[in-house]
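J.: after the sequence you'll find the predicted model.
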Amino acid sequence: MEPRCEIMKQNKKLGQCFLKDKNIVKKAVNAADINKNDIVLEIGLGKGILTKELAKNAKKVYVIELDMRLEPFAEEVIAEYPNVEIIWNDALKVNLDELNFNKIVANLPYQISSPITFKFLKKDFDVAVLMYQYEFAKRMIAKEGTKEYGRLSVSVQYYANVQFVCKVSPSAFSPKPKVDSAIVKITKKEPNELYYLEDKEFFENVVRALFQHKNKTAKKALINSCHEMGLNRDEIKNMIDTLNNLNLSKFDLNERVFTLNIEKIVELSNMLYRIKNKL
Ligand SMILES: C[S@@+](CC[C@H](N)C(=O)[O-])C[C@H]1O[C@@H](n2cnc3c(N)ncnc32)[C@H](O)[C@@H]1O
């Protein structure tokens with residue numbers, strides 16, 4: 001008998017464009033180099049096309065899926081691959097610390113791309129191979145000086161090395177999405193590879209403040225978005241004066257924000273933090 005889901009209406013709000021191209025599925029699994037020691041986390045079961053390929057190669061696969069209408073597909077997958085465990089929940093609400101995985105592979109629901117990526121970056125893992133909307137992937141891997149470089153690029157590349165695997169056309173999915181997609185490979189940096197930060201939260205606030213005005217000079221961006229750092233205009237102006245007087249920094253506050261590399265942004269954040277807290 002045809003599974004119930006064959007007549008299920010796919011929910012676009014849940015990003016339900018399921019993969020049908022097996023070559024793309026294999027590319028994702030190969031990019032993650034899945035082997036029998038791996039415990040893999042996948043977000044979004046769909047009809048299980050990616051889950052099955054992962055389960056064939058891995059020791060165990062956890063899949064977090066929100067839509068319980070997909071249960072018949074889950075039953076079919078588990079009958080064939082008992083090393084699959086489905087967690088019926090919103091991936092944004094699941095406590096990932098309770099799952100012991102070392103790799104992540106997923107054709108993500110694009111509406112949660114940003115929050116789920118930041119949730120992953122807080123975790124330790126060997127590698128994540130993830131499908132994103134193409135434009136989002138380009139922003140993730142963008143380098144300073146390009147038009148795609150922004151808050152996402154800095155926030156992700158601070159914690160991880162990001163590599164473009166391949167572009168994926170709408171015809172790889174059913175139904176076809178209106179946009180191109182891309183597979184990206186994310187490798188977390190080791191703690192000793194990370195630039196030293198005085199304060200993570202303050203760094204995030206500085207990045208947010210700067211990239212609200214990425215075509216302006218760093219000085220103007222900081223003044224215009226001072227509230228993002230919990231400061232008023234006089235306070236930030238005084239801090240900038242102090243910074244200029246110190247004349248220690250490796251950068252020029254008259255540089256445009258989108259030309260600042262991560263090292264310079266970290267340095268700027270640390271200097272401002274020290275001035276603010278009189279350290
Ligand atoms: C793009 S489809 C991918 C499905 C399947 N892995 C594939 O490649 O064909 C995204 C899947 O994520 C599920 N989903 C959407 N939002 C979710 C959320 N917040 N938490 C968990 N699953 C979610 C959808 O129901 C859908 O099955």
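T.: Okay, I see it. Please read all numbers here as calculations on a predicted model, not as lab measurements.
J.: what's the spacing between the host helix or strand of residue 113 and its chain's center?
T.: For residue 113, the element it lies in under DSSP states H and E is helix 113-121. Centre-to-centre, helix 113-121 and its host chain are 4 Å apart (Cα atoms, centre = their mean, to the nearest Å).
J.: buried ones in that helix?
T.: Going by neighbour count (16 or more other Cβ atoms under 10 Å), the buried part of helix 113-121 is 113-114, 116-117, 120-121. Where C-beta positions appear, they are placed from N, C-alpha and C, glycine not excepted.
J.: say whether the ligand is contacted by it.
T.: No. Using Cβ under 6 Å from any ligand atom, helix 113-121 stays clear of the ligand, with a minimum separation of 7.6 Å.
J.: and residue 229, how far from residue 278?
T.: 16 Å (Cβ to Cβ, to the nearest Å).
J.: which of those two has more neighbours?
T.: Set residue 229 next to residue 278 and count neighbours by other Cβ atoms under 10 Å: residue 229 wins out with 21 against 5.
J.: residue contacts, the more buried one?
T.: Contacts of residue 229 were listed using Cβ atoms under 8 Å, 6 or more residues apart in numbering, and they are 202, 205-206, 209, 222, 236, 272, 276.
J.: can you rerun that using 10 Å?
T.: 202, 204-206, 208-210, 222, 235-236, 239, 269, 272-273, 276 (Cβ atoms under 10 Å, 6 or more residues apart in numbering).
J.: phi, psi of it?
T.: phi -100, psi 10 (degrees, to the nearest 10).
J.: and the pLDDT for it?
T.: Per-residue pLDDT puts residue 229 at 95.
J.: gap between the lowest-mean-pLDDT helix or strand in the chain and the chain center?
T.: Lowest by mean pLDDT, DSSP states H and E among the helices and strands of the chain is helix 233-246, with a mean of 92. Distance of helix 233-246 from its chain centroid, counting by Cα atoms, centre = their mean, is 33 Å.
J.: which strands or helices does it pack on?
T.: Packing partners of helix 233-246 (3 or more Cβ pairs under 10 Å, 6 or more residues apart in numbering; DSSP states H and E): helix 218-224, helix 262-276.
J.: could you list the low-pLDDT ranges of this protein?
T.: Applying pLDDT under 70 to the chain flags the ranges 1-7, 247-250.
J.: the domain parsing of it - what is it?
T.: The record's domain parsing of the chain by automatic domain parsing lists 9-193, 200-276.
J.: nearest spatial neighbour of residue 163, chain-adjacent residues omitted?
T.: Setting aside the residues directly before and after it, residue 163 is nearest to residue 185 in space (Cβ to Cβ, 6 or more residues apart in numbering), at 4.4 Å.
J.: right, I mislabeled it, should have said residue 224
T.: Spatial nearest neighbour of residue 224, chain neighbours left out: residue 213 (5.5 Å); criterion: Cβ to Cβ, 6+ apart.
J.: my read: the one you found touches residue 221, true?
T.: Yes. Taking Cβ atoms under 10 Å as the definition, residue 213 is a contact partner of residue 221 at 3.8 Å.
J.: how about the least confident helix or strand of the chain: buried residues?
T.: Applying 16+ other Cβ under 10 Å to helix 233-246 flags 236, 239-240, 243 as buried.
J.: save those as JSON lines, and put in distance to the ligand too.
T.: Output for those, formatted as JSON lines (distance: Cβ to the nearest ligand atom, whole Å):
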{"residue": "236", "distance to the ligand": "37"}
{"residue": "239", "distance to the ligand": "40"}
{"residue": "240", "distance to the ligand": "41"}
{"residue": "243", "distance to the ligand": "42"}
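J.: tally of neighbours for residue 166?
T.: Neighbourhood size, residue 166 [other Cβ under 10 Å]: 14.
J.: burial measure for residue 25, as a count.
T.: Neighbours around residue 25, by other Cβ under 10 Å: 20.
J.: give me the next element, helix or strand, following the helix or strand where residue 85 lies.
T.: Assessed by DSSP H and E, residue 85 sits inside strand 84-88. Heading C-terminal from strand 84-88, the first helix or strand you meet, by DSSP H and E, is strand 103-107.
J.: neighbouring strands for that following strand, and are they parallel or not?
T.: strand 39-43 (parallel), strand 127-133 (parallel) (DSSP bridges).
J.: about what we covered before: what distance separates the strand or helix carrying the residue nearest to residue 163 from the middle of the whole chain?
T.: Using DSSP H and E, residue 185 falls within strand 181-188. Chain-centre distance of strand 181-188: 8 Å, with Cα atoms, centre = their mean.
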